[in-house]
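In: have a look; sequence and predicted model below, questions after that.
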Amino acid sequence: QLACLPIHCFKKIIVFAGLLGVFLTPALAFTDINIGSASNSGTSGQQSVSVNNEHNVANIDNNNGWDSWNALWDYNTNFAAIRLFKKKVCIVHRMNKDVMPSLHTLDAMVKEKKLQGKGPGGQPPTSLIYSINPERVSDLEKLGKPIAGMCRGIPTYTADEIEGASLFFYSKACLHADILWILRISLCGELEV
């Protein structure tokens, strides 16, 4: 029997690992896109999108200093959550499938870079307004593992969509999350943190 010399075995392992990575990457990888502006023109910071088709979730990170937030859309449970770092809370709401893109559509938009370069000057984003329920969520597990993992350890609230509402006539304070120039989510109500 022939045994590999250490250097030859190492080369074979490297080649095998490289081939394995080439074939597994499309099936397991996240699809990422960065959206943002390098200027100080009042844009909402740098956003990145990760679509995980294996787990049917999309993750949107908005990096804007103290106003940063993270959103997770769980297409298995039809819940979405926004973690607001400044307020140190999570707010969970039902996904509005009539307005929010499907995972397949979002993934295609990201892969085709159809979101890159959009923004001011384009079509205005669709607005969704939610009323935050003042009672904290006691059982995060009922919201699904991805959202429970993101919101664990911080106060979590649910919010209900207010259909047909206008912020012009809404009297409560609202927090805003502009997502990918396709959605403007307003979370309205008082939070006791």
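Out: Happy to help now that I have it. Numbering: from 1, shown residues only.

In: which helix or strand in this protein has the lowest average pLDDT?
Out: Per-element confidence for the chain was summarised using mean pLDDT, DSSP states H and E. The lowest value among helices and strands belongs to helix 6-28, with a mean of 46.

In: break down this protein into its strands, ranges please.
Out: With DSSP state E as the definition, the chain shows strands at residue ranges 31-35, 46-52, 57-63, 69-74, 79-84, 89-94, 126-136, 156-161, 174-179, 183-188.

In: of those, which is nearest residue 149?
Out: Nearest to residue 149, of all the strands of the chain, is strand 69-74, at 8.9 Å by C-beta to C-beta. The way it works is simple: take the backbone N, C-alpha and C, and place the C-beta from them, glycine included.

In: elements contacting the closest one?
Out: strand 57-63, strand 79-84, helix 145-151, strand 174-179 (3 or more C-beta pairs under 8 Å, 6 or more residues apart in numbering; DSSP states H and E).

In: strands paired with the first one, and their directions?
Out: Using DSSP bridges, the strands paired with strand 57-63 in its sheet are strand 46-52 (antiparallel), strand 69-74 (antiparallel).

In: what do you get for the second one?
Out: Strand 79-84 has the following strand partners under DSSP bridges: strand 69-74 (antiparallel), strand 89-94 (antiparallel).

In: repeat that for the last one.
Out: Using DSSP bridges, the strands paired with strand 174-179 are strand 183-188 (antiparallel).

In: state the mean pLDDT of the strand it pairs with.
Out: Averaging pLDDT along strand 183-188 gives 89.

In: got a list of contacts for that strand?
Out: Residues outside strand 183-188 that contact it (C-beta atoms under 8 Å, 6 or more residues apart in numbering): 82, 91, 99-100, 124-132, 159, 162, 167, 170, 172-179.

In: how long is stretch 152-163 from one end to the other?
Out: Start and end residues of stretch 152-163 are separated by 29 Å (C-alpha to C-alpha, to the nearest Å).
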